[in-house]
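Peer 1: pasting a predicted model and its sequence here:
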Amino acid sequence: MSVNVKLSCRNLWKTYGPQEAVEVTRSAAGSGNAAVVMQRIREAQGLAACAGISFDVMRGEIFILMGLSGSGKSTALRCLSRLVEPTMGEILIDGEDFTAKSPRELIDFRRHKMGMVFQNFGLMPHLTVLENIAFPLRVQGIDLAERNERARDMMRLVELDGRENAYPRQLSGGQQQRVGIARSLAGDPDIWFLDEPFSALDPLIRRQMQNEFLHLQSTLHKTIIFVTHDISEAVRLADRIAIMKGGEIVQIGAPREILENPANDYVEEFTQDAREGLMIRGASKADLE
């Protein structure tokens, strides 16, 4: 594996349903014919939420998984972080088999090397902004003075200075999401998973958060796997995009490549609004580079 690859996913499957469907997946998924395996899983009354997906994510890259509801994008993200256990497949992070980590090793990895942000901000209502951001550091056993100093650094990074003693209920939606982002970054993670982090926000706030996200990445250079159903958001943020349909990846490429050379009718239809939006704004092809 190239030293530039941070995460590698190979032939990843997640099957829901009776044990028979799971066994079908494990016995047949190595055949290389995903359509045949998926049919056999359906015959066993199961559902393949992820069907043999494979890709690499480079260090410092924003890699976006996208698709319609039910495409498998969020399930894929949860498998990659092992919030959901894959039925089969290989996940390598820095060349190490992530699926082989014990529960204790997994907890340690999440505490020190992984950041996660979800659509539901998940802030603790009884803690102040500073305490919410510092909470992962508290779990790590870092002393109060150091964790508060690092939490304040994160607050400055997401422009929340002066709100240390506020509670989540006193913040706007955009401010709450900033707290969630700051909390996920407090432990300086190597890899950052984001599942539709801006989709609950109003359009103007969402655009502002996208701007701030790009600014953060220009400073931090994190390896990011980001899930969205919004093609315009994906085109704006991604270094590369993987478009999913029915549990499979149908195309991977840079935004410009996907918009200019869709792999099939589904991708062409899916990206139509983004292409039209660029035309309306008078964007040049250079805007996609």
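Peer 2: The structure has been received and is ready for your questions.
Peer 1: tell me if I'm right that L216 and A182 touch.
Peer 2: No - taking Cβ atoms under 8 Å as the definition, L216 is not a contact partner of A182, at 9.8 Å. Backbone N, C-alpha and C define where each C-beta goes, glycine included.
Peer 1: which one of these two has more residues nearby?
Peer 2: A182 (26 against 18; other Cβ atoms under 10 Å).
Peer 1: need the contact list for the closest residue to V139 other than its chain neighbours.
Peer 2: Of all residues beyond its chain neighbours, the one nearest V139 is R111 (6.1 Å), with distances taken as Cβ to Cβ, 6 or more residues apart in numbering. R111 makes contacts with 136, 139-140, 187, as judged by Cβ atoms under 8 Å, 6 or more residues apart in numbering.
Peer 1: swap in S69?
Peer 2: Listed by Cβ under 8 Å, 6+ apart, the contact set of S69 reads H229.
Peer 1: one more: V57?
Peer 2: 5-9, 63, 223, 225.
Peer 1: export the residues you listed to a markdown table and tack on neighbour count, distance to I205 and secondary structure?
Peer 2: Formatted as a markdown table, the entries for the contacts of V57 read as follows, by neighbours: other Cβ atoms under 10 Å; distance: Cβ to Cβ, whole Å; DSSP: H, G, I helix; E, B strand; the rest coil:
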| residue | neighbour count | distance to I205 | secondary structure |
| --- | --- | --- | --- |
| V5 | 17 | 34 | strand |
| K6 | 24 | 30 | strand |
| L7 | 21 | 30 | strand |
| S8 | 18 | 35 | strand |
| C9 | 24 | 32 | strand |
| F63 | 20 | 24 | strand |
| T223 | 21 | 26 | strand |
| I225 | 24 | 23 | strand |
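Peer 1: can you list these in CSV and add distance to Q251?
Peer 2: Putting these into CSV (distance: Cβ to Cβ, whole Å) gives the following:
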residue, distance to Q251
V5, 20
K6, 21
L7, 19
S8, 19
C9, 16
F63, 13
T223, 21
I225, 17
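Peer 1: out of those residues, who's nearest M155?
Peer 2: T223 (23.3 Å; Cβ to Cβ).
Peer 1: contacts only, for the closest one.
Peer 2: When contacts are counted by Cβ under 8 Å, 6+ apart, T223 touches 6-7, 57-61, 190-192.
Peer 1: quick check: buried residues in the strand or helix carrying F213?
Peer 2: For F213, the host element (DSSP states H and E) is helix 203-220. With burial defined by 16 or more other Cβ atoms under 10 Å, the residues of helix 203-220 counted as buried are 205-206, 209-210, 212-213, 216-217.
Peer 1: what sits up against the helix or strand harbouring A145?
Peer 2: Applying DSSP H and E as the criterion places A145 in helix 144-157. Under the criterion Cβ under 8 Å, 6+ apart, residues 129-130, 133-134, 137-138, 142, 161, 163-164, 182-183, 185-186, 216, 219 lie in contact with helix 144-157.
Peer 1: next, show the common contact partners of L216 and A182.
Peer 2: Common neighbours of L216 and A182 are listed as 157-158 (criterion: Cβ under 8 Å, 6+ apart).
Peer 1: so what does the helix or strand harbouring Q177 touch, helix or strand wise?
Peer 2: Following DSSP H and E, one finds Q177 within helix 173-185. The criterion is 3 or more Cβ pairs under 8 Å, 6 or more residues apart in numbering; DSSP states H and E, and the helices and strands that helix 173-185 contacts are strand 114-118, helix 129-139, helix 144-157, helix 203-220.
Peer 1: would you turn these into TSV with distance to D273 and mean pLDDT?
Peer 2: Supplementary listing: the helices and strands packed on helix 173-185 in TSV, determined by distance: least, Cβ to Cβ, whole Å; pLDDT from 0 to 100:
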stretch	distance to D273	mean pLDDT
strand 114-118	25	90
helix 129-139	36	93
helix 144-157	32	92
helix 203-220	14	89
